[in-house]
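Chemist: okay, sequence plus prediction incoming.
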Amino acid sequence: MRRGFYLVNPATREMKKVPKTPSWRPVRPYCLSLCGFGFDSSTNEYKVVNGQVYSDINVIVFSVYTLKTDSWRKIECFSPYHAYWFQGIFLNGAIHWSATTVGDRSSSVIVSFLLAEEEVREIRLPPIGDTCLANLGVFRDCLCITLAGIDQTFNEFWVMKEYGVSESWTRMRVSMPYHQLSHFGFSTKSHDLMP
């Protein structure tokens with residue numbers, strides 16, 4: 001995102017070049033950049049969120065681009081996380097990424113950036129342990145994660161039935177290869193799981 005990119009609406013065939021993301025501190029080649037796109041219903045506008053992950057100081061610095069103003073703004077929240085995945089998942093007015101907390105007792109979490117409030121919140125994951133590879137997605141308008149054992153001997157699918165309530169995670173066991181259970185296309189129009 002430091003070089004800029006385009007937003008494209010295939011239905012209207014419109015496209016818009018988004019200016020490059022400003023760097024709030026020197027960017028190193030190994031600096032990971034997160035991105036997400038979503039609609040802020042409180043202001044009736046589309047927003048692009050960029051998070052620059054600085055592993056040397058253990059923070060993510062967020063910026064927000066608004067289509068109406070055609071400009072980026074730095075958000076004054078330095079979030080102490082390491083993120084796993086570049087692409088954010090939009091749901092319930094927020095963009096979500098898989099991450100780990102920073103510190104002596106680090107743990108896996110979901111970091112959510114609320115578009116209306118322009119602030120960061122943390123969502124706890126279900127009790128999955130550290131022996132799994134987690135993939136974040138959306139299923140039937142619910143946040144979900146798919147898991148596979150590192151040795152690929154099992155698959156699990158967790159759905160958060162009530163958004164933001166960690167106790168509402170529900171586990172389902174699925175017998176299909178992990179690569180077929182990724183969020184890039186594991187549901188049909190009726191939202192039934194399909195290989």
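Modeler: All right, it came through fine.
Chemist: give me the distance between Trp85 and Ser98.
Modeler: Per CB to CB, to the nearest Å, Trp85 is found 5 Å from Ser98. Using the backbone N, CA and C atoms, a C-beta is placed for each residue, glycine as well.
Chemist: ok, now Thr66?
Modeler: According to CB to CB, Thr66 stands 26 Å off from Ser98.
Chemist: need the residues that contact the helix or strand of the chain with the lowest mean pLDDT.
Modeler: Of all the helices and strands that make up the chain, strand 81-83 has the lowest average by mean pLDDT, DSSP states H and E, namely a mean of 76. Applying CB atoms under 8 Å, 6 or more residues apart in numbering, the contact partners of strand 81-83 are 32, 34, 51, 53, 55, 58-60, 97-102, 109, 111.
Chemist: just how off-centre is that strand within its chain?
Modeler: 11 Å (CA atoms, centre = their mean, to the nearest Å).
Chemist: could you spell out the sheet neighbours of that strand, each with its direction?
Modeler: Here strand 81-83 has these sheet partners by DSSP bridges: strand 94-101 (antiparallel).
Chemist: what does the partner strand contact?
Modeler: 34, 36-38, 49, 51, 60, 80-85, 88-90, 106-115, 121-123, 134-136, 143, 145.
Chemist: for that strand, what is the average pLDDT?
Modeler: Per-residue pLDDT values across strand 94-101 average out to 89.
Chemist: tell me the domain ranges of this protein?
Modeler: Here the chain is described, according to automatic domain parsing, as comprising the domains 1-124, 126-195.
Chemist: mind telling me which of those the model trusts least?
Modeler: Lowest mean pLDDT within the domains of the chain: domain 126-195, at a mean of 69.
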